[in-house]
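Engineer: any chance you could fold what I've pasted below:
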Amino acid sequence: MRESLHLYGHLQPKIIYTDNSAADKQFLEHVFESLHENVVPVDTHATLKALVRPQDVNISLQSLASGIESGLAKIVDDLSIDDETSHVVVGFDAEWNVDFTHGGASQPTAIIQIAYGKWINIFQVLFTSCKS
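Structural biologist: Predicted coordinates for the structure are as follows:
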């Protein structure tokens, strides 16, 4: 991801949320040096109330290529190719299974979640078959 952002002239991430910050912190800071700038530890804001999704924010679950393309088109449509300073802000998350029977090997990405504007898009990009 770091190399793709650089290749296409995008800025490196300034904020990353992870559900396991203690385990991910060192790796993410190594990959994205930009995460060392203006750091505010989460403990500083421990008294904040839990985030509640506003009622006008929609959730879209897609598993077909056409639905995924439609969800991504909402983001691409807001990009301005004529304005080099134009940018979009998204929330991005990916989920995959870990096979603990083979030393904890990660499996291919199964779910991608992208939050943008008033939409939370959940894309199922890998289907696994059930073994009997």
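
Engineer: I'd assumed residue 89 was in a strand, is it?
Structural biologist: No - checked against DSSP: H, G, I helix; E, B strand; the rest coil, residue 89 lies outside a strand; its state is coil.

Engineer: residue contacts, it?
Structural biologist: residue 116 (CB atoms under 8 Å, 6 or more residues apart in numbering). Heads up, the C-betas are built off the backbone N, CA and C, glycines and all.

Engineer: and it, how far is that from residue 75?
Structural biologist: According to CB to CB, to the nearest Å, residue 89 and residue 75 sit 10 Å apart.

Engineer: likewise for residue 23?
Structural biologist: 29 Å.

Engineer: and these two? Which one has more around it.
Structural biologist: It is residue 75, of residue 23 and residue 75, that has more neighbours when counted by other CB atoms under 10 Å, with 15 against 9.

Engineer: secondary structure class for the more buried one?
Structural biologist: Assignment for residue 75 (three-state DSSP): helix.
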